[in-house]
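Trainee: Fold the following for me, if possible:
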Amino acid sequence: MKAPVITGVGAVTALGRDIRTTRDALAAGRSAIAPIVEAPLARVPPSPAARIGPFTTDPELPKARARRLDLGSQYAIVAARQCLADGRYEMAGREERTGILLGTGSAGAGPLTEFERQMATASPDLASPFLFPNTVANAPASQTALELKIKGPNVTLIQKDPGALNALFYGRMLLADGRADALLVGAADEWNLIYHQGYERVRATRTAERKGFALAEGAGLILVEVETSARARGASLYARVGGVGWKTMAMSPHKRRADPEVLEATMLSALEEAGLSADGIGLVSLSANGTVTTDQAEREALEMLFGARGAERRIAIKEQLGENPCVGAMQLALGALALSDEPALGAVLVNSFGAGGNFFSVVLTAPG
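Mentor: Numbering: from 1, shown residues only. A predicted model of the protein is given here:
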C-alpha cells in the first residue's frame with residue numbers, strides 16, 4: 001500500500017479556535033503561555049500554562065449537547081468537525097470505514113477530580129452520576145465517535161508528550177491492514193489545576209527560577225486516508241505520511257539525559273522509511289518544550305543528522321503553545337499545512353520526544 005495521505009486538518013488551541021488562526025498567531029510571535037489565575041501550591045514557585053479560556057462549541061456542537069461533555073471532548077468534537085469539513089469528507093455511507101485514534105495526557109481530568117472531590121467531601125451516593133462517563137481518558141474519542149457517527153476503529157493512547165505521533169504510528173497499520181479507509185488522528189487534552197500542581201511538585205514545569213515546560217490544552221486532528229479512497233472521492237491532498245520512526249530508552253522523566261544517538265536513530269528510521277536523506281528535509285518541527293536535558297539532546301542529534309549544513313528551517317511551537325499530546329497533533333497539522341502552502345519544502349520532519357523515553361519522529365512529504 002502507498003503511504004497514506006493527509007486530506008484535512010483541524011484544531012482548537014490556546015492561540016486560536018482553528019488551525020489557520022493558530023498558524024498565523026505563531027508566525028506573528030504570539031505566545032499563549034501565561035500565569036495561571038488559580039492559587040499555586042504553597043512553597044512552590046508558580047508556573048504558567050497555555051490555556052484556552054472561555055470557549056464556545058457553536059457552531060460545530062450545540063451548547064445543549066456540549067453541557068454534558070468534558071472540555072477535552074468538546075475540544076475534540078469541534079476540531080474533528082473542522083477537520084472533516086476541511087477535507088470535504090462526508091460521513092454518510094462511510095461510517096463503518098472511518099475510525100478515530102486520539103492520544104491524551106489529561107483528558108477526563110476535570111470530571112475525575114471533581115467526582116473524587118464529591119465522593120470525599122460528601123459521600124459516594126451524592127457524587128454526580130453525570131460526571132462519571134467523562135472521567136475516563138477515552139471519553140473524547142468515544143464522544144466524538146458518537147457525535148459524528150464513526151463506527152470504525154476507536155483507540156485512545158495515554159502516552160503523554162508523543163501520544164499523537166504514536167496514534168499516527170498505530171493508525172497507519174490499521175489502514176495498511178484494510179481495517180479502515182480513513183482515520184481521524186490526533187490528540188485532546190484539558191488543563192486541570194490538580195494535575196498542574198502535581199507537575200509543579202516534581203519540578204517539571206517552568207518558573208521564573210527554572211526551565212521546564214508549560215502545560216497545554218486543546219485538540220488537534222488530521223484526516224488520514226488510503227490514497228486510492230481519497231482520490232476516488234476527489235479529495236485534495238495536503239501531504240503524505242512518508243515515514244514514522246520510533247525508538248525507546250530507559251530514562252527517568254525530567255532528570256536523566258536522553259541519548260542524542262537514540263534521538264538521531266529515531267529520525268533516521270523515519271527518513272529511511274520515507275526513502276529520504278536529511279538533505280530532503282525542508283522544515284523541522286522540534287520537540288523542544290523547555291525540558292533542558294531532552295532539548296539539548298535534540299539539538300545534538302540534529303547536528304549529528306544534518307552535519308555542517310545546519311541551514312534547515314526549524315520551528316518550536318511548544319515555546320508558544322506549551323506541551324501535551326494535543327500540541328504534537330498540532331505539529332502534524334501545521335506540518336501538513338506547510339507542505340500544502342509551500343510544496344518546495346519537499347518534506348517536513350516532526351519530532352516528539354517523551355520525557356519518559358518514548359521517542360517518535362514523522363516525515364511528511366509533498367503529495368506529488
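
Trainee: if I look at Asn289, how far off is Gly368?
Mentor: Counting by C-beta to C-beta, to the nearest Å, the gap from Asn289 to Gly368 is 32 Å. In this view, the C-beta of every residue, glycine as well, is placed from N, C-alpha and C.

Trainee: And for the lowest-mean-pLDDT helix or strand in the chain, what's in contact with it?
Mentor: Sorted by mean pLDDT, DSSP states H and E, the helices and strands of the chain end with helix 109-121, the least confident at a mean of 84. The contact list for helix 109-121 (C-beta atoms under 8 Å, 6 or more residues apart in numbering) reads 70-72, 126-128, 131-132, 134-135, 139, 190-192, 194-195.

Trainee: Just the CA coordinates for that helix, please, in PDB.
Mentor: The C-alpha trace of helix 109-121 is given here as PDB (Å, rounded to 0.1, in the frame of the first residue of the first chain):
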ATOM      1  CA  ALA A 109      -9.000  15.300  34.400                       C
ATOM      2  CA  GLY A 110     -11.700  17.800  35.200                       C
ATOM      3  CA  PRO A 111     -14.600  15.400  35.700                       C
ATOM      4  CA  LEU A 112     -12.400  12.900  37.500                       C
ATOM      5  CA  THR A 113     -11.000  15.300  40.100                       C
ATOM      6  CA  GLU A 114     -14.500  16.800  40.700                       C
ATOM      7  CA  PHE A 115     -16.100  13.300  41.000                       C
ATOM      8  CA  GLU A 116     -13.400  12.300  43.600                       C
ATOM      9  CA  ARG A 117     -13.900  15.600  45.500                       C
ATOM     10  CA  GLN A 118     -17.600  15.000  45.700                       C
ATOM     11  CA  MET A 119     -17.100  11.400  47.000                       C
ATOM     12  CA  ALA A 120     -14.500  12.500  49.500                       C
ATOM     13  CA  THR A 121     -16.300  15.600  50.900                       C
END
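
Trainee: Report the buried residues of the next helix or strand after that helix.
Mentor: Proceeding N to C from helix 109-121, the next assigned helix or strand is helix 139-148, under DSSP states H and E. For helix 139-148, burial by neighbour count (16 or more other C-beta atoms under 10 Å) applies to 139-145, 147-148.

Trainee: partners of the helix or strand following helix 139-148, with directions?
Mentor: Using DSSP H and E, the helix or strand that follows helix 139-148 in sequence is strand 154-158. Using DSSP bridges, strand 154-158 pairs in its sheet with strand 98-104 (parallel).

Trainee: so is the nearest residue to Ile19 once chain neighbours are set aside in a helix, a strand, or just coil?
Mentor: Leaving aside its chain neighbours, Ile19 sits nearest to Ala11 (4.0 Å; criterion: C-beta to C-beta, 6 or more residues apart in numbering). Assigned by DSSP: H, G, I helix; E, B strand; the rest coil, the conformation of Ala11 is strand.

Trainee: dump the residue contacts of Ala11.
Mentor: 18-19, 22, 79, 82, 218-221, 329-330, 333.

Trainee: ok, 7 Å please
Mentor: 18-19, 22, 79, 218-221, 330, 333 (C-beta atoms under 7 Å, 6 or more residues apart in numbering).

Trainee: want to try JSON lines for those residues, with pLDDT and secondary structure as columns?
Mentor: Below are those laid out as JSON lines (pLDDT from 0 to 100; DSSP: H, G, I helix; E, B strand; the rest coil):
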{"residue": "Asp18", "pLDDT": "97", "secondary structure": "coil"}
{"residue": "Ile19", "pLDDT": "98", "secondary structure": "helix"}
{"residue": "Thr22", "pLDDT": "98", "secondary structure": "helix"}
{"residue": "Ala79", "pLDDT": "98", "secondary structure": "helix"}
{"residue": "Gly218", "pLDDT": "98", "secondary structure": "strand"}
{"residue": "Ala219", "pLDDT": "98", "secondary structure": "strand"}
{"residue": "Gly220", "pLDDT": "98", "secondary structure": "strand"}
{"residue": "Leu221", "pLDDT": "98", "secondary structure": "strand"}
{"residue": "Met330", "pLDDT": "98", "secondary structure": "helix"}
{"residue": "Ala333", "pLDDT": "98", "secondary structure": "helix"}
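
Trainee: Looking at these, which two lie furthest apart in space?
Mentor: Thr22 and Leu221 (12.8 Å; C-beta to C-beta).

Trainee: Please say which of those two ends up with more neighbours.
Mentor: More crowded of Thr22 and Leu221, by other C-beta atoms under 10 Å: Leu221, with 38 against 27.

Trainee: what's across from the more buried one in the sheet?
Mentor: Leu221 has the following beta-bridge partners by DSSP bridges: Gly10, Gly186.

Trainee: so what's it up against?
Mentor: Counting by C-beta under 7 Å, 6+ apart, the residues that Leu221 touches are 10-11, 79-80, 83, 184-186, 329.

Trainee: redo that, cut-off 10 Å
Mentor: 8-12, 19, 75-76, 78-84, 86, 100-102, 144, 164, 167, 183-188, 326, 329-330, 332-333 (C-beta atoms under 10 Å, 6 or more residues apart in numbering).

Trainee: So Pro45 is in contact with Arg201, correct?
Mentor: No: if you go by C-beta atoms under 10 Å, Pro45 and Arg201 don't touch, sitting 11.7 Å apart.

Trainee: Now the longest strand anywhere in the chain: buried residues?
Mentor: Scanning the chain for the longest strand, with DSSP state E as the assignment, gives strand 239-248. Of all the residues in strand 239-248, those buried under the rule 16+ other C-beta under 10 Å are 239-247.

Trainee: again with stretch 126-135
Mentor: For stretch 126-135, burial by neighbour count (16+ other C-beta under 10 Å) applies to 127, 131, 133-135.

Trainee: I'd like those as a markdown table, with distance to Met119 and pLDDT appended.
Mentor: Shown next, in a markdown table, are these (distance: C-beta to C-beta, whole Å; pLDDT from 0 to 100):
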| residue | distance to Met119 | pLDDT |
| --- | --- | --- |
| Ala127 | 5 | 79 |
| Leu131 | 10 | 83 |
| Pro133 | 16 | 85 |
| Asn134 | 15 | 88 |
| Thr135 | 11 | 86 |
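
Trainee: Noted, bye for now.
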